[in-house]
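*Asks:* I need the structure of the sequence given here:
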Amino acid sequence: MPLRWRLALIFALGTALVIAAAGLVFLQRLTAGLDDSLGAILRAQADAEVVRLAVTGPLPPLRPPARDPDGGLGTGAGAERVAQVLAPDGRLLAFTDGAGRSPLADAAQTRAATRKDIEFTASVDDQDYRMLAVPATNDDNKVVVVVGASTRVADAATAHTRDALLLGGPPAVLAAGLGAYWLAGSALRPVDHMRRRLAEITEQDTGARLEAPATHDEIATLAATMNDVLDRLAEALAQQRGFAADAGHELRTPLTALKAELELAGQPGRTKEELIAAVAATAQDTDRLIRLSEDLLLLSRTDEGRPLVRPEPLAPAELVAAAARSAASRAATLSVRVRLRTDDGVRLLADPDRLRQAVDNLLDNALRYAPQGSDVDVSLTVHGSQADARAVIEVRDHGPGFPPAFLAHAFERFRRADAARSRPGGGAGLGLAIVRSIAQAHGGTAAADNAPGGGARVRLELPLAPGSDET
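*Replies:* Next up is the predicted model:
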């Protein structure tokens, strides 16, 4: 069911419940008020008759009294109010016109009324009367005064009110429902416009946005929020398209080289040594493809929000030392020395494989820039106070350093400094991006700058393991 209809039905149902509840309360209060008013009238009439009987002489038995000009019992009181005087044994001593010649109270009610006031209902000339019987005295004789008032006016008022609610309630509910339907349609019209506009936006129209109404209400806020979502989606789509284009470009180079080596190996007349060299070259290209594919898969998992690390307690000093030893053999071929300084007391909660990958990437990046005869410094230290202490893995070379314009983009994917692009061993530009992803997966950060004494410096900062005493 459309929201517009649901709102109209809910509003109509709510209006019906409110009218019903208010009507019931009003009827209850009206009935109670009429009953109280009728009771007060009966009490005043009964008290007046008790006083009159107490000061008059004996009543003649079984004879209606003459008209009393002072408003007492007589023959002219009218049919809306009736009164009788009864003896304790139930005999009728006096009555008003319309009260009839039969006692309005039966024997049990009369006996009870000689001791206390009682109320009851009776029918007089097919009309309902509310009766009040009270004890009284006349000429030192106990009598019972019975007064009554017709409930016709009160019943008519209650019936008319009930009929008015029954007749006026449904139109009021219908009007409320129609009004809610119109109001809901007016309020939801901008939402429907936004829905149609969103349906028109495609992945090719990434610059399209919704027109926010100038109402400064929730609908305008919704439009602004949806525009923000469209901005983020457009940015993510642009990044994904750029990622795919860059990945295709990076994959094309080793694939082209691999194809060329295989074509050369397949030409006739190749010697055994040439074939061995071709196989070795294709193996290198294959390794490069494997590394590039693994890097792309890792970054893809990061984008998808999938778990990247499996942390466990470890002492990173041994891991950093192992990475430095591994890099030292390669550094020796480049006439570069790897110098290591670690704090053996550092404890982390980290994934050893991913952390080793990050350190290897930092060392690989440093060896690309380090000139012959220079050093690559690797250190593991703790920085910060007791409350916010962090382990810092820093790798520094003594080369030309990062170009100033490159520093702001050092950790972006497929970003490479100009010097690295021109070198034969230049990578795909994913190493530092992977370092940052691994750092963020551990709750840490990665930073790059140029050291004051020259050379590039990259730091990996990670939180210490809970309970570590390092400062």
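*Asks:* what's around Thr96, how many residues?
*Replies:* Burial of Thr96, expressed as a neighbour count using other Cβ atoms under 10 Å, amounts to 26. All C-beta atoms are positioned from the backbone trio N, CA, C, and that covers glycine.
*Asks:* and it, backbone torsions?
*Replies:* Backbone geometry at Thr96, expressed as degrees, to the nearest 10, gives phi -100, psi 170.
*Asks:* Assess the claim that it and Ala83 are in contact.
*Replies:* Yes. If you go by Cβ atoms under 8 Å, Thr96 and Ala83 touch, sitting 4.8 Å apart.
*Asks:* pLDDT below threshold where in the stretch 1-150 of the chain?
*Replies:* Within the stretch 1-150 of the chain, the ranges that satisfy pLDDT under 70 run 59-79.
*Asks:* With the stretch 151-300 of the chain instead?
*Replies:* Judged by pLDDT under 70, the stretches of the stretch 151-300 of the chain that qualify are 239-254, 257, 264, 284-285, 288, 291-292, 295-296, 298-300.
*Asks:* for it, what spans make up the helices?
*Replies:* Taking DSSP state H, counting those that start in this stretch as the criterion, the stretch 151-300 of the chain carries its helices at 152-200, 218-265, 272-303.
*Asks:* In this structure Met194 contacts Ala208, no?
*Replies:* No. With contact defined as Cβ under 8 Å, Met194 and Ala208 do not form a contacting pair (11.9 Å).
*Asks:* Neighbour count: those two, which is higher?
*Replies:* Neighbours per residue (other Cβ under 10 Å) separate Met194 from Ala208, with Met194 holding more: 19 against 14.
*Asks:* who's in contact with that one?
*Replies:* Under the criterion of Cβ atoms under 8 Å, 6 or more residues apart in numbering, the contact partners of Met194 comprise Leu210, Leu222, Ala223, Met226.
*Asks:* quick one: it and Val229, what's the gap?
*Replies:* 12 Å (Cβ to Cβ, to the nearest Å).
*Asks:* pull the longest helix from this structure.
*Replies:* Counting by DSSP state H, the longest helix found in the chain is helix 3-55.
*Asks:* Does Ser379 fall in a helix, a strand, or a coil region?
*Replies:* Judged by DSSP: H, G, I helix; E, B strand; the rest coil, the three-state class of Ser379 is strand.
*Asks:* For Phe120, what is the enclosing helix or strand?
*Replies:* Assigned by DSSP states H and E, Phe120 belongs to strand 118-124.
*Asks:* could you say which helix or strand contains the closest residue to Val435 other than its chain neighbours?
*Replies:* Using Cβ to Cβ, 6 or more residues apart in numbering and skipping residues adjacent in sequence, the residue nearest Val435 is Ala358, 4.7 Å away. Secondary structure here is read from DSSP H and E; on that basis Ala358 sits in helix 352-369.
*Asks:* and that helix, how far from the chain's centre?
*Replies:* Computed by Cα atoms, centre = their mean, to the nearest Å, the separation of helix 352-369 from the middle of its chain amounts to 44 Å.
*Asks:* cool, and stretch 226-235?
*Replies:* Distance of stretch 226-235 from its chain centroid, counting by Cα atoms, centre = their mean, is 21 Å.
*Asks:* Could you give me the buried positions within that stretch?
*Replies:* Taking 16 or more other Cβ atoms under 10 Å as the neighbour-count basis, stretch 226-235 is seen to contain the buried residues Met226, Asn227, Leu230, Ala234.
*Asks:* same question, stretch 262-276
*Replies:* Within stretch 262-276, the residues that qualify as buried are Ala265, counting by 16+ other Cβ under 10 Å.
*Asks:* can you check stretch 104-112 too?
*Replies:* Counting neighbours by 16+ other Cβ under 10 Å, stretch 104-112 gives Leu104, Ala105, Gln109, Thr110, Ala112 as buried.
*Asks:* Please report how far the first one lies from Ala238.
*Replies:* Spatial separation of Leu104 from Ala238 under the definition Cβ to Cβ is 97 Å.
*Asks:* What of the fourth one?
*Replies:* Thr110 sits 101 Å away from Ala238 when distances are taken as Cβ to Cβ.
*Asks:* same question, the third one
*Replies:* Remark: distance between Gln109 and Ala238 (Cβ to Cβ) = 96 Å.
*Asks:* swap in Arg29?
*Replies:* 69 Å.
*Asks:* send the alpha carbons of the helix or strand that Arg330 is a member of over as CSV?
*Replies:* Counting by DSSP H and E, the element that carries Arg330 is helix 316-333. What follows is the C-alpha trace of helix 316-333 in CSV, where atoms were taken according to Å, rounded to 0.1, in the frame of the first residue of the first chain:
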residue,chain,number,x,y,z
PRO,A,316,58.5,-7.0,16.2
ALA,A,317,62.2,-6.6,16.8
GLU,A,318,63.0,-10.1,15.4
LEU,A,319,60.6,-9.6,12.5
VAL,A,320,62.3,-6.3,11.6
ALA,A,321,65.7,-7.8,11.9
ALA,A,322,64.8,-10.7,9.6
ALA,A,323,63.5,-8.2,7.0
ALA,A,324,66.7,-6.2,7.3
ARG,A,325,68.9,-9.4,6.8
SER,A,326,66.9,-10.3,3.7
ALA,A,327,67.3,-6.9,2.3
ALA,A,328,71.0,-6.8,3.1
SER,A,329,71.9,-9.4,0.5
ARG,A,330,70.2,-7.4,-2.2
ALA,A,331,71.7,-4.2,-0.9
ALA,A,332,75.2,-5.7,-1.2
THR,A,333,74.7,-6.1,-4.9
